[in-house]
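Engineer: quick check, what structure comes out for this input:
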Amino acid sequence: MPHLDFAQPPFDILTPAERLSLKKHTQVRYLATNETLPIEDFQYFFVVLKGHIQQTLNGEFVASYLGGNHSEQLNNNDWFDSRRLPKTSDIQLSTTSAVDADLSHSPISNADELNGATYHYHAIEDTLLLQVDGSALNKVSAQNHLLRQLLSDNLSERLKALEQRRHSPNPSLGLTQYTAQQEVQQIMLQPVTDVALLPVRMIDADSSLQQAARLMTDAGLKHVLVRPTAIAEQDTVASTLGILTDNDICRAVSEAQNSATTPCQHYASFNLHTIDSKDDIGEALLTMTRYRIHRLPVIDDTGKVTGILAQSDLLAHIGHHSQLISLQIEQADDLISLHKAVDLIGRYIRAQHQNGVKISIISRMVQMLNAQVFTKLWQLIVPDEVMKNTCVIVMGSEGRGEQIMRTDQDNALIIKDGFSHPDLAQFAETFNQHLATLGYPLCDGNMMMTNPMWRQPLQQFNAQISLWFKNTDPMHSIYISAILDGDYVCGDKQLLSQLRAHLIISHQLAEPMFVRHFVRAALQFGDINQWWQKFVPLLGKTSSSDIDLKKAGIFPIVHGIRALALEHNILQVPSTKNRLKGLVQAHALSQERADTLGEALEFFMAQRLTVALVTEDKHARQVNPTTLSALERDALKECLSVVKSFKNQLLHHYRLEVI
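Structural biologist: As a prediction, the model looks like this:
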């Protein structure tokens, strides 16, 4: 008699006692062709040993589960949990007519359980199932935290458990081994207070450099915080403090200053960057990388400094070298040395992904490192006057901070009104070509600063944006999407701020129907009612079962959220994560819905990165479900279901069915 395959997930994490317990509550079940699983049997967990089960809801296709003669190419047989209840989006439609173009502003909520509705499972052909008693599985899950997460009704829980499990060195060793590995994997999410902080030593701003040096020596520190003279000790919140380092004192000595009489405030740095004590290590690392600083005061809920986070201590704690990459980029003085630093970014991505670091943290760090590469390259190419009078921005996934692989360039150059330089076109050409040499491919759509449309004075840029908002040309929507995702790289940042301000004005002056046309791109890829059919592999034609992660998952989420952000004038933040936050604050999305969309997006990005690391495909879009484990296929199915639900919500929210 067949038994559960304990070498396959999710049961490969069970202890011997847990395996024995489930064996006692498992039996083989047969369904004939076209036979439907009775509702009274929805208390079981099923593994498809042989055959083909189709899942439907209200007569609509949901998913297929394969085994036996269909699964030679699969990592292991599919399974389904009939105890899971169906969910659907709760959309509140506006009672106004489409002609009024008054869009509903009811929040798009997450899926709510359907009253009395259930999935239906029927056999497409003669099928053998292995059924596991649900109550027995619950008892085991109550003791096995990882199994409980992997089988959870909550998608976010399952995705987190899947990511953690993927990096476990030996899942068969059970939960103890997994927990030890999980601790390493989650290090970037630990609070900064988990790192040993340096003590706080403070001196008044009018104290001498000599007194500061003596205080540093006595405390064994290379810095001291500086308190403004007029500030009382009990009022020393972080926002009023400065910092004086040993380098500052060396600079004073080199300038022949009298250390016994020179006040600290003459050489201290104020307007400090700080980190909240509740923030995680990943956030601290991002701040240090972005602002190229080596010390971060850690502040409590009252705004007072509780300790100093040092770069060296942070690097020792997390054991990786993104700061060293940043330093190498900063010190590069030619294309060859810059190329070496860029290669290190690729190694960094691979190492972080293998260690199980969240994809959002990896992508944000890569965004900052890439921005430093672009800045350094621009500095190597242009004279100072060009740097001061222009603004380099990146767009697309790079601008949103969701770029991981080095895919097509998307960049632009905003020029200060009245400024000109005879070599600007050549500078742009050199910049884009050098980026291509560094491994950032040229954009097939020519959305780069070599294109005069993406290299203009601010006033002309603004006029162009106004034109894009005045009609429904599909290309204009693409251009607006690019600008909405634009983020600062280097140069005069005010130019981007002014351009964003004009974006808001242009949108306010646009036709009310504009956003309804703009959002349609999120629905254009594939039939939203038949997207799942690709999951049934065609024997002898495995490539036909490939799923385009960008078209089927990433783009609909990103552009749908971008459209909602445009509708609600959330135009100051380019990232999908921050747009989701803004939409929740605007009551346009429920927190649960925003979390689900964010988790699904991260899953698609992680899968895409996995493809990029094992193939030569520079776009890294296609994934073949037959190469995934049953756990990964289950997660992919649910994430695609989230996309389908979101697209339907957009369809109804913007009443696109009546256009």
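Engineer: from here on, contacts and neighbour counts on C-alpha atoms
Structural biologist: Noted.
Engineer: am I right that Thr229 is in contact with Asp206?
Structural biologist: Yes: Thr229 is within contact range of Asp206, at 6.4 Å (criterion: CA atoms under 8 Å).
Engineer: who's more crowded, those two?
Structural biologist: The neighbour count for Thr229 versus Asp206, taken as other CA atoms under 10 Å, is higher for Asp206 (16 against 13).
Engineer: in terms of pLDDT, where does that one sit?
Structural biologist: Confidence at Asp206, expressed as pLDDT, is 94.
Engineer: report the residue ranges of every domain in the chain.
Structural biologist: Listed by automatic domain parsing, the domain ranges of the chain are 11-84+119-185, 192-318, 358-510, 518-658.
Engineer: can you lay out those domains as a markdown table showing distance to Ile345?
Structural biologist: Output for the domains of the chain, formatted as a markdown table (distance: least, CA to CA, whole Å):
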| stretch | distance to Ile345 |
| --- | --- |
| domain 11-84+119-185 | 19 |
| domain 192-318 | 13 |
| domain 358-510 | 7 |
| domain 518-658 | 13 |
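Engineer: shaky segments in the stretch 551-659 of the chain?
Structural biologist: Within the stretch 551-659 of the chain, the ranges that satisfy pLDDT under 70 run 615-620, 657-659.
Engineer: and Leu495, how far from Asn462?
Structural biologist: As for Leu495, its distance to Asn462 is 11 Å (criterion: CA to CA, to the nearest Å).
Engineer: between those two, tell me which one has more neighbours.
Structural biologist: Taking other CA under 10 Å, Leu495 and Asn462 do not tie; Leu495 has more neighbours (22 against 19).
Engineer: residues in contact with the more buried one?
Structural biologist: The neighbours of Leu495, taking CA atoms under 8 Å, 6 or more residues apart in numbering as the test, are 390-391, 414-416, 458.
Engineer: tabulate these in a markdown table, adding columns for distance to Ile362.
Structural biologist: Formatted as a markdown table, the contacts of Leu495 follow (distance: CA to CA, whole Å):
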| residue | distance to Ile362 |
| --- | --- |
| Thr390 | 29 |
| Cys391 | 26 |
| Ile414 | 28 |
| Ile415 | 31 |
| Lys416 | 33 |
| Leu458 | 33 |
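Engineer: what's the closest of these to Val132?
Structural biologist: Cys391 (61.4 Å; CA to CA).
Engineer: so the closest one sits right up against Ser497, yeah?
Structural biologist: No: contact criterion CA under 8 Å: Cys391 and Ser497 do not qualify, at 10.3 Å.
Engineer: now do the residue nearest to Ile361 when sequence neighbours are not counted, the pLDDT please.
Structural biologist: Excluding the flanking residues, the one nearest Ile361 by CA to CA, 6 or more residues apart in numbering is Gly282, at 6.6 Å. Listed pLDDT for Gly282 reads 83.
Engineer: packing partners of whichever helix or strand Gly282 is part of?
Structural biologist: For Gly282, the host element (DSSP states H and E) is helix 281-291. Contact here means 3 or more CA pairs under 8 Å, 6 or more residues apart in numbering; DSSP states H and E; on that basis helix 281-291 packs against strand 295-299, helix 311-318, helix 322-331, helix 359-381.
Engineer: any idea how far His587 lies from Leu566?
Structural biologist: In terms of CA to CA, His587 sits 14 Å off from Leu566.
Engineer: tell me which of these two has more neighbours.
Structural biologist: Leu566 (20 against 16).
Engineer: wait, what's in contact with that one?
Structural biologist: 507, 515.
Engineer: again, 10 Å this time
Structural biologist: 481, 484, 503-504, 507, 515, 518-519, 560, 579 (CA atoms under 10 Å, 6 or more residues apart in numbering).
Engineer: any idea how far Ala501 is from it?
Structural biologist: 13 Å.
Engineer: next: Ala123.
Structural biologist: 58 Å.
Engineer: more neighbours: the two, which one.
Structural biologist: Legend: neighbour count by other CA under 10 Å for Ala123 and Ala501, higher for Ala123 (22 against 14).
Engineer: I'd say the more buried one and Glu35 touch.
Structural biologist: Yes: using CA atoms under 10 Å, Ala123 makes contact with Glu35 at a distance of 5.5 Å.
Engineer: shared neighbours, these two?
Structural biologist: Common neighbours of Ala123 and Glu35 (CA under 10 Å, 6+ apart) are Ile53.
Engineer: show me where the protein dips below the pLDDT cut-off.
Structural biologist: 1-2, 68-76, 87-117, 166-187, 231-236, 316-324, 356, 525-545, 615-620, 657-659.
Engineer: so which bits of the longest strand along it are buried?
Structural biologist: Secondary structure of the chain per DSSP state E: the longest strand is strand 44-57. By neighbour count on 16 or more other CA atoms under 10 Å, the buried set for strand 44-57 is 44-56.
Engineer: got it, and stretch 574-587?
Structural biologist: So stretch 574-587, judged by 16+ other CA under 10 Å, has buried residues 574-577, 579-584, 586-587.
Engineer: narrow those residues to those in helices?
Structural biologist: 576-577, 579-584 (DSSP state H).
Engineer: state the phi and psi torsions of Thr33.
Structural biologist: phi -50, psi 130 (degrees, to the nearest 10).
Engineer: is it true that Ser481 touches Met447?
Structural biologist: No: applying CA under 10 Å, one finds Ser481 not in contact with Met447, separated by 11.7 Å.
Engineer: so the closest residue to Leu198 other than its chain neighbours bridges to which residues?
Structural biologist: Leaving aside its chain neighbours, Leu198 sits nearest to Ile308 (4.8 Å; criterion: CA to CA, 6+ apart). Listed beta-bridge partners, Ile308: Leu198, Pro297 (assigned using DSSP bridges).
Engineer: contacts only, for the residue nearest to Pro191 when sequence neighbours are not counted.
Structural biologist: Nearest-residue entry for Pro191: Asp280, 4.1 Å, with adjacent residues in sequence omitted and distances by CA to CA, 6+ apart. Counting by CA under 10 Å, 6+ apart, Asp280 touches 187-194.
Engineer: report the buried residues of the strand or helix carrying Lys160.
Structural biologist: Assigned by DSSP H and E, Lys160 belongs to helix 155-166. For helix 155-166, a neighbour-count test (16+ other CA under 10 Å) marks 155-165 as buried.
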